[in-house]
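Colleague: After the sequence you'll find the predicted model.
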Amino acid sequence: MSANSPNSRVLVVAGTRPECLKLASVVRALRATPSLQPLLLNSGQHQAMVERTFAQLDLHCDLVNPQIASASLSHALAALRDGVRRVAREQSAALVVSQGDTSSAYAAALAARDLGLPLAHVEAGLRTSHPYRPFPEELFRRRIAPIARLNFAPTAQAAANLRSEGVAGERIFQVGNSVIDLLREQVEDSRPLALPFLPDTPRHIALTLHRRENYGRGLDLVCAAVLQLLDLHDDIGVVCPVHPNPAVGSRIRRHLSAHPRINLVDPLDYRPFIALLAHARLAITDSGGIQEEAPYLGTPVLVVRENTERPESVALGAATLVPLKTERIVAEANRLLAVPAPLRLPFAPESAYGDGRSGERIAAAIANHLHDRA
Ligand SMILES: CC(=O)N[C@@H]1[C@@H](OP(=O)(O)OP(=O)(O)OC[C@H]2O[C@@H](n3ccc(=O)[nH]c3=O)[C@H](O)[C@@H]2O)O[C@H](CO)[C@@H](O)[C@@H]1O
């Protein structure tokens, strides 16, 4: 199969920051595979954020769909699906790649199915015990699995989840989590880095909040807990990169901006963010990716969510799930601050989320699949 043959065209779809981070090593490995012709599409879900996130990693999109202006999830999904379908048709794509559980990921899966194209799903098989919580991510993940021809499961548990739902073994590839590829690069990067946002305190907490299920009252309760923790520990400061979603940002600012030991900052580029996380004595977060990264940095994570699709981090003792109750958050944070931090996971195949070489495995499996079909 030659690189110009239409059936080597792999359309990779990204719509949000975490998809860019988790697709970066996959895109690089696809671009380094001579038999493939990858095309990277900015779906238009969070168009500016995608451009910025890829740019900091020296990656650029080949195609950019217009920013979708949608008030509702269903309209956004429809617009994203139309956009991916149009591009896939125009570019004669042979295969579509999507990542994770966002609207873009699900829309790309639907577009691939509309066109009868194989879908490769990166980070397949993550499940909570509830069929649609968190909403809509859990619903999207469950609906993508039966569509995907290649399910790239990050962990043994994720692969087992897929098998138990009836996904054929030949469609499941356990490859590790591709965010660990990027994390490994950052950890191995010894260039000096200024961290002007670190508070002038001996210890600090990294705080990130953005999940839909925590909008409103959930944010109020977590912010109240953070303020109580600072009252109890005058040697601790907090750094919080505030999510660009205005519903989240305005609420966090209202509660936390006046405190002298809290630094509210704009979203950080990946390298400084990982440095912040690595220096932190504790992370308090509702993010998914941070639950995967923190165990490799030796930073304990308090996950302010009712459930998690990353039971591996909880089993390791690296993450603790806490209900959204101020006193429980304070109590668990106090406990984690008092015990030694967990040991760092090595970048090794036996570590929970793998060795940081998933991108190469994913590109090789995609090349094999297209080769076998040719
Ligand atoms: C339900 C759920 O859990 N769904 C997840 C959701 O992703 P998420 O919850 O992990 O999203 P965020 O928290 O936005 O991003 C986190 C990443 O951003 C980095 N970071 C953070 C702050 C900053 O200032 N600068 C940064 O660089 C950080 O290190 C980390 O890598 O969608 C993904 C895609 O489909 C899925 O994988 C994933 O299941």
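Modeller: Noted; the coordinates are in hand. All figures in this text were calculated on a predicted structure; none of them were measured in a lab.
Colleague: Tell me how far Pro260 lies from Asn177.
Modeller: Remark: distance between Pro260 and Asn177 (CB to CB, to the nearest Å) = 37 Å. No exception for glycine: its C-beta is placed from N, CA and C like everyone else's.
Colleague: Looking at the two, which one has more neighbours?
Modeller: It is Asn177, of Pro260 and Asn177, that has more neighbours when counted by other CB atoms under 10 Å, with 27 against 9.
Colleague: and the strand or helix carrying Gly83, anywhere near the ligand?
Modeller: Take DSSP states H and E as the rule and Gly83 turns out to sit in helix 73-90. No. Judged by CB under 6 Å from any ligand atom, helix 73-90 stays clear of the ligand, getting no closer than 13.2 Å.
Colleague: and stretch 132-149, how far out from the chain's middle?
Modeller: 15 Å (CA atoms, centre = their mean, to the nearest Å).
Colleague: Just the residues contacting it, thanks.
Modeller: 73, 95, 98, 100-103, 105-106, 109-110, 112-113, 118-121, 124-128, 130-131, 151, 162, 165-167, 171, 211-213, 305-307, 309, 369 (CB atoms under 8 Å, 6 or more residues apart in numbering).
Colleague: which among those residues end up buried?
Modeller: Of the members of these, the ones counted as buried by neighbours, 16 or more other CB atoms under 10 Å, are 95, 98, 100-103, 105-106, 109-110, 112-113, 118-121, 124-128, 151, 162, 167, 171, 211-212, 305-306, 309, 369.
Colleague: from the residues you listed, which ones fall inside strands?
Modeller: Leu95, Ser98, Leu119, Ala120, His121, Asn151 (DSSP state E).
Colleague: ok now do whatever residue of the stretch 101-250 of the chain ends up closest to the ligand, which residues does it touch?
Modeller: Nearest residue of the stretch 101-250 of the chain to the ligand, counting by CB to the nearest ligand atom: Pro241, 3.3 Å away. Neighbour list for Pro241: Thr208, Val265, Asp266, Pro267, Leu268, Phe273, Leu276 [criterion: CB under 8 Å, 6+ apart].
Colleague: Just checking the strand or helix carrying the last one against the ligand, any contact.
Modeller: Which is Leu276. Element membership for Leu276, per DSSP H and E: helix 270-279. Yes. Counting by CB under 6 Å from any ligand atom, the ligand has neighbours in helix 270-279: Tyr270, Phe273.
Colleague: Going toward the C-terminus from that helix, what's the next helix or strand?
Modeller: Using DSSP H and E, the next helix or strand after helix 270-279 towards the C-terminus is strand 282-285.
Colleague: Report the rounded mean pLDDT for that following strand.
Modeller: For strand 282-285, mean pLDDT rounds to 98.
Colleague: Extract the CA atoms of it and return them as PDB.
Modeller: In PDB, the C-alpha atoms belonging to strand 282-285 read as follows (Å, rounded to 0.1, in the frame of the first residue of the first chain):
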ATOM      1  CA  LEU A 282      -2.000  16.800  47.400                       C
ATOM      2  CA  ALA A 283      -4.300  17.100  44.300                       C
ATOM      3  CA  ILE A 284      -8.000  17.800  44.700                       C
ATOM      4  CA  THR A 285      -9.800  17.200  41.400                       C
END
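Colleague: Mind giving me the packing neighbours of that strand?
Modeller: Judged by 3 or more CB pairs under 8 Å, 6 or more residues apart in numbering; DSSP states H and E, strand 282-285 is in contact with strand 203-208, helix 217-232, helix 289-297, strand 301-303, helix 326-338.
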